[in-house]
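> Let me see the structure of the following:
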Amino acid sequence: MRKKTRNPLAQPTQSEVQLSIQALNDGYPEQAEVAARHLAKKYPAALMPHNLLGVALERQKRYAEAAKSYRRAVDIDPNIAEIQFNLGVMLDQTGNPDEAIRHYRKAVRLKPGLAVAHFNLGLALQNSGKPDKAVESYREALAREPGFAEAHANIGTVLQQQGQYEDAIDHYRQALAIRQDPRTCFSLGTAQRNHGLLDDAAESFRQTLELDPRHAEALSNLGDVCWHQGKVEEAATHFRKALEIDPDNRLANYNLGVFLYDNERLEEAIPHFQASQLNDWRERALYCLYKSERFEEFRAGLNEALQHNSRSPLLATLASHHALNFGVEDPCRFCPNPLDFVYHGKIPELSDPDNSLLRDLLEDIRHREIAERGQSRLHHGTQSAGNLLRRPEASFQQLATLLERTIREYFTLHADADCEFIRQFPKDIEFGSSWYVKMRQGGYLDSHIHEDGWISGSVYLAIPERSSDPDEGCIELSMHGDRYPQKHEDFPTKLVPLEVGDVCFFPSSVFHRTIPFQADQERICIAFDVKPAP
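Numbering: from 1, shown residues only. Model (predicted):
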């Protein structure tokens, strides 16, 4: 009797596939897998069993196996958009973003109206470091499905990362108009805070907490906003409540540590920095140890910190101060003689009577709606919130261009210097933070450094008249400051006299302060930080 051969093109009947489909619909992916495997073996050239097996494995989070099944289905018929999409999702899940992107692209070519495929393509592009391409895909998703809230939110995230805060805020608001979501509301708050809209940010963080009362990071960020609004006790309450909800939350621990650090509660701050292990936690914990005169612990921690990060201005400040204070060698090579790298020059356009830039800058500072924030080191003055040189006004944009030109010329002068400050000098001059400082009679800034900078400086728009003391209103740069422990007074110092149109900048590891002035006039400058990409 002749053995019956199997037809390689045979397809399962509807009743045969129904068992697997019913198991999936009923929430039993394991049973669906068994049935689908049986069909895939019986009908190896049929698409449906491989696709069902992929779905069953995906439901069990067995993504690599699911990808194999979807790939087999795609080999059988590459013209089904949904299966190309499913394969892309599995490749994303298994850490193959470039391959996932190829299959998402195939899916949208086959079915341009598949909004979720455009969205996932955008997400994969965003995660692969292609933000502009990602935004294009998110916009394609919105063109097909205008109510796609996640697409608006993700556009907001990309724009926020690029410093386009106004547009980011608009997209977050559009997403929230479609659906209230605590993650989007939280992101809106962070964009508003970064843009200097502190009142709006506080409201968004409170709305986040209405949607999710246990959102520890919203509480922590609300505390940060309250602190910058001068609501110190309310800020502390929010920080501590965040840690009651989630004692291990890294951001909440870090923010409370910074709060305590800035309020000189150094011993309390140390365990929170150590618990956070976030950002510059090692350097800030060392700062607390050094200022608390726990020198042996500081020295042990300094050596460890230098192994992890040799490019931290705060670490450089601590190391150089300790070396000068105790007469030992400085182990940090960030910028061994930072006062040699102080630049004092002019922005000619600010001194040109035929150029309106100075007038326009002062007009915008005095009359634009620019939020202000609290600054504990600033006396008899106000400071702006947000990133001033990223605002859309033409005056700020022009000044940013002129400062960029000056900083590039400065780098050319020092390009051969043998230190990390020059070797890792920012390739792209972008102002990570910038703000105006307006002081009135008696105004001054306490000695400090910019922990988050690389290059720090100011450009001067209004300088009060000096009385009999020629140092009034000047900036003092020094290797000692911020009430660091001081074993002697032999620390190098440089005084910089200032005029309107001057610009002064220096390594961010340098202490600097403003000498108080007595004239009944305003002192106005725009301060800034530039640092390399991470």
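
> drop to CA atoms for contacts and neighbour counts, all remaining ones
Fine.

> Just the pLDDT at the closest residue in space to residue 59 that isn't next to it in sequence, thanks.
Spatially, and ignoring its direct neighbours in sequence, residue 59 is nearest to residue 29 (6.3 Å; C-alpha to C-alpha, 6 or more residues apart in numbering). As predicted, residue 29 sits at a pLDDT of 94.

> Relative to residue 323, how far out is residue 29?
65 Å (C-alpha to C-alpha, to the nearest Å).

> So between the two, which is more surrounded?
residue 29 (23 against 15; other C-alpha atoms under 10 Å).

> Tell me how far the more buried one lies from residue 425.
55 Å.

> before we move on, what about residue 127?
27 Å.

> hang on, the earlier thing: the residue nearest to residue 59 is in contact with residue 61, isn't it?
No: using C-alpha atoms under 8 Å, residue 29 makes no contact with residue 61, being 10.3 Å away.

> tally of neighbours for residue 104?
29.

> Secondary structure element holding it?
helix 97-110 (DSSP states H and E).

> can you check residue 432 too?
strand 431-445.

> mind listing what that strand pairs with, with the direction of each?
Strand 431-445 sits in its sheet next to strand 378-384 (antiparallel), strand 523-530 (antiparallel), going by DSSP bridges.

> Following that strand in sequence, what is the next regular element?
Assignment by DSSP H and E places the next element after strand 431-445 at strand 455-462.

> Note down every partner strand of the lowest-mean-pLDDT helix or strand in the chain and its orientation.
Ranking every helix and strand in the chain by mean pLDDT, DSSP states H and E puts strand 372-373 at the bottom, with a mean of 86. Counting by DSSP bridges, the strands paired with strand 372-373 are strand 378-384 (antiparallel).

> about what we covered before: more neighbours: which of residue 127 and residue 425?
Using other C-alpha under 10 Å as the criterion, residue 127 and residue 425 rank with residue 425 on top: 19 against 13.

> Find the nearest non-adjacent residue to the more buried one, please.
residue 532 (6.4 Å).

> What about the one you found, how many residues nearby?
For residue 532, using other C-alpha under 10 Å, the count is 16.

> Before we go further, it is sitting in a helix, right?
No: Residue 532 is assigned coil when assessed by DSSP: H, G, I helix; E, B strand; the rest coil, not a helix.

> Contacts only, for it.
Shown in contact with residue 532 (C-alpha atoms under 8 Å, 6 or more residues apart in numbering): 424, 425, 426, 427, 428, 454.

> top of these by neighbour count?
residue 454 (23 neighbours).

> hang on, isn't it packed against residue 510?
No: between residue 454 and residue 510 there is no contact under C-alpha under 8 Å: 10.2 Å.

> Low-confidence ranges, the stretch 201-350 of the chain, go.
Nowhere does the stretch 201-350 of the chain drop to pLDDT under 70.

> So which residues of it form helices?
216-228, 232-245, 250-262, 266-276, 281-291, 295-308, 313-326, 348-351 (DSSP state H, counting those that start in this stretch).

> So which of the ones you listed has the densest surroundings on average?
Most buried of those by mean neighbour count (mean count of other C-alpha atoms under 10 Å) is helix 216-228; its value is a mean of 25.

> Now find how far off-centre that one is within its chain.
Its chain's C-alpha centre and that of helix 216-228 lie 16 Å apart, by C-alpha atoms, centre = their mean, to the nearest Å.

> can you check stretch 182-202 too?
Worked out by C-alpha atoms, centre = their mean, stretch 182-202 lies 13 Å from the chain centre.

> And for stretch 164-171?
That offset, for stretch 164-171, works out to 15 Å (C-alpha atoms, centre = their mean).

> How much space separates the most centrally placed residue in the chain from residue 131?
The centroid of the chain falls nearest to residue 161 when counting by C-alpha atoms, centre = their mean (6.6 Å). For residue 161, the distance to residue 131 equals 9 Å [C-alpha to C-alpha].

> Then residue 87?
For residue 87 relative to residue 131 (C-alpha to C-alpha), the value is 23 Å.

> Neighbour count for those two, which is higher?
Using other C-alpha under 10 Å, the more surrounded residue of residue 87 and residue 131 is residue 87, with 30 against 21.

> What distance do you get for that one to residue 55?
10 Å.

> ok, and what's touching the top helix by length along the chain?
Longest helix of the chain, by residue count under DSSP state H: helix 394-414. Residues outside helix 394-414 that contact it (C-alpha under 8 Å, 6+ apart): 343, 347, 357, 360-361, 364, 388-391, 422, 425, 429-430.

> buried residues in the helix or strand just after it?
Downstream of helix 394-414, the next assigned helix or strand under DSSP H and E is helix 420-423. Buried residues in helix 420-423, counted by 16 or more other C-alpha atoms under 10 Å: 420, 421, 422.

> out of those residues, who's nearest residue 478?
residue 421 (17.3 Å; C-alpha to C-alpha).

> wait, what's in contact with the closest one?
311, 334, 335, 454, 507.

> of all those, which comes closest to residue 278?
residue 311 (16.1 Å).

> looking at it, that closest one is touching residue 419, isn't it?
No: using C-alpha under 8 Å, residue 311 makes no contact with residue 419, being 10.1 Å away.

> Now the common contact residues for those two.
Common neighbours of residue 311 and residue 419 (C-alpha under 8 Å, 6+ apart) are residue 334.

> other SSEs contacting the helix or strand where residue 152 lies?
Per DSSP H and E: residue 152 is located in helix 149-161. Packing partners of helix 149-161 (3 or more C-alpha pairs under 8 Å, 6 or more residues apart in numbering; DSSP states H and E): helix 115-127, helix 131-144, helix 165-178, helix 182-194.
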